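A.B. asks: Fold the following for me, if possible:
(one chain, ligands or ions: 2)
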Amino acid sequence: MLNEVLATELVCVLRYMRHYYVADGTDGEMIKGKFLEYANEERDHSDRVARRIVQLGGEPDLNPDILSKRSHTDYVEGNSLVEMLKEDLVAERIAVASYQEIIAWLEHGDPTTRRVMEGLLADEEEHADDLRSLLANFGGEDTAN
Ligand SMILES: [Fe+2]
Ligand SMILES: [Fe+2]
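C.D. replies: Ligands and ions are numbered 1, 2, ... in the order given. Okay, here's the model as predicted:
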């Protein structure tokens with residue numbers, strides 16, 4: 001289960017890095033700092049999850065051939081800034097939903113893992129919230145529901 005979370009986080013790192021590199025134009029320049037910030041936060045999430053896997057005696061699976069198949073979210077490049085924001089919002093909402101599910105499942109289980117997941121969930125909710133307002137500011141319609 002944690003290796004699925006790890007894969008999800010790493011796919012999110014890559015998607016945000018891609019969006020950071022390609023965002024251009026006036027709007028893109030304004031927003032790319034956000035993409036970089038999210039990429040760094042997802043990278044920090046992947047770190048927390050990988051450490052927890054090791055603490056539990058498991059092995060973090062970083063095999064790139066496996067990551068995209070195991071991830072809860074998709075790697076979507078997006079052809080415009082609005083498309084990128086939409087895809088990011090979709091991905092964040094998927095992460096929020098699946099982390100909520102995992103936390104509920106862990107209710108009577110391992111409290112440390114649950115706390116790790118609660119930390120991730122709080123950040124993903126913030127990302128989704130930010131993205132929703134960014135999307136609105138840049139004229140995109142929120143169709144990601
Ligand atoms: Fe994350
Ligand atoms: Fe996120």
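A.B. asks: Count the neighbours of Glu125 for me.
C.D. replies: As a burial measure, Glu125 scores 16 neighbours (other C-beta atoms under 10 Å). For glycine as for every other residue, the C-beta is placed from the backbone atoms N, C-alpha and C.
A.B. asks: Isn't it up against Ala97?
C.D. replies: No - taking contacts as C-beta atoms under 8 Å, Glu125 lies outside contact range of Ala97: 10.8 Å.
A.B. asks: what packs against the host helix or strand of Arg52?
C.D. replies: Counting by DSSP states H and E, the element that carries Arg52 is helix 25-55. Judged by 3 or more C-beta pairs under 8 Å, 6 or more residues apart in numbering; DSSP states H and E, helix 25-55 is in contact with helix 2-22, helix 81-105, helix 111-137.
A.B. asks: Out of those, flag the one nearest Lys34.
C.D. replies: helix 111-137 (6.8 Å; C-beta to C-beta).
A.B. asks: what's the angle between the closest one and helix 25-55?
C.D. replies: 170 degrees (axes from the mean of the first three to the mean of the last three C-alpha atoms, to 10 degrees).
A.B. asks: Quick check: buried residues in helix 111-137?
C.D. replies: The neighbour-count check on helix 111-137 (16 or more other C-beta atoms under 10 Å) flags 113-114, 116-117, 120-121, 123-125, 127-128, 130-132, 134-135 as buried.
A.B. asks: Report the two of the residues you listed separated the most.
C.D. replies: Longest span within the buried residues of helix 111-137, C-beta to C-beta: Thr113 and Leu135, 32.1 Å.
A.B. asks: Name the residue of this structure that lies nearest to ligand 1.
C.D. replies: His45 (3.7 Å; C-beta to the ion).
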